[in-house]
Structures are given as C-alpha cells and as structure tokens.
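**Q** got a predicted structure here, sequence first:
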Amino acid sequence: MKENFERLVEHLLAGNIFLEEAIEVLERSMIVRTLERTAGNQCEAAKRLGIHRNTLQKKLVSYGLANGRGRARRRPAKGQGRPRKPKSGAA
C-alpha cells in the first residue's frame, strides 16, 4: 500500500497539485466510500474514520455532501421511509 501511495504522491506532484487540494480529494473520497460501506450511518462512518460525528457532519456540509439538515444524502431503504400522513378531509 505504501508503494501505491508513493506513486500517487509522485503523480500529484507532477501535476502541480497543491497539498490542500490533494488532502481534500482524499478526505472527500474516504468519507463518501465509508458512508457507502456503512449504508449512510454517520455514527459508524465517523468511528471508522476516527473522527467525531459532529466533525463528519461539518465535513459533509463543506464538501456539499449534506442536505439542509446536515445529514448525508441517501435514499431510505425500501419500506424505511417516513410514513405518509392521511389526507385530511378524506372520507
């Protein structure tokens, strides 16, 4: 793994990528893949990444991966969505 990482670093340096940009790309990718592996469970993803859940939520917002409520975008599993309210006035 270290050899692969060293090759990646050399590739990034050859492309004049700034350190900050490289870190953001790596961090965003790790967050997205960890959330996929945890089915969107932010608590579990934060544990696997070694960061606090609030830190993960802030990073989701900063990378545009969260909706307005600070939660990661994902579809609920089939049958797991919010129950619909019955229409008022229906007889």
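**A** Sure, I can see it.
**Q** chain center to the longest helix along the chain: distance?
**A** Across the chain, the longest stretch assigned as helix under DSSP state H is helix 19-37. Computed by Cα atoms, centre = their mean, to the nearest Å, the chain-centroid distance of helix 19-37 equals 8 Å.
**Q** quick one: contacts of that helix?
**A** Residues outside helix 19-37 that contact it (Cβ atoms under 8 Å, 6 or more residues apart in numbering): 12, 41-42, 45, 48-49, 56, 59-60, 63, 65, 72, 74. In this view, the C-beta of every residue, glycine as well, is placed from N, C-alpha and C.
**Q** buried sites along stretch 37-54?
**A** Across stretch 37-54, burial judged by 16 or more other Cβ atoms under 10 Å covers 38, 40, 42, 45, 46, 49.
**Q** repeat for stretch 27-39
**A** 28, 31, 34, 35, 38.
**Q** does the last one really touch residue 44, like I thought?
**A** Meaning residue 38. Yes: the pair residue 38 / residue 44 is scored as a contact, 4.2 Å apart, by Cβ atoms under 8 Å.
**Q** can I get the CA coordinates of the worst-scoring helix or strand of the chain on mean pLDDT in PDB?
**A** Ranked by mean pLDDT, DSSP states H and E, the weakest helix or strand in the chain is helix 2-14, scoring a mean of 88. Presented in PDB, the C-alpha positions along helix 2-14 are these (Å, rounded to 0.1, in the frame of the first residue of the first chain):
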ATOM      1  CA  LYS A   2       2.900   2.400   0.800                       C
ATOM      2  CA  GLU A   3       4.300   1.900  -2.700                       C
ATOM      3  CA  ASN A   4       0.900   2.700  -4.300                       C
ATOM      4  CA  PHE A   5       0.700   5.800  -2.100                       C
ATOM      5  CA  GLU A   6       4.200   6.900  -3.000                       C
ATOM      6  CA  ARG A   7       3.300   6.600  -6.700                       C
ATOM      7  CA  LEU A   8       0.100   8.600  -6.100                       C
ATOM      8  CA  VAL A   9       2.100  11.400  -4.400                       C
ATOM      9  CA  GLU A  10       4.600  11.500  -7.300                       C
ATOM     10  CA  HIS A  11       1.700  11.700  -9.800                       C
ATOM     11  CA  LEU A  12       0.100  14.600  -7.900                       C
ATOM     12  CA  LEU A  13       3.400  16.400  -7.600                       C
ATOM     13  CA  ALA A  14       4.000  16.000 -11.400                       C
END
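**Q** brilliant, that's me finished.
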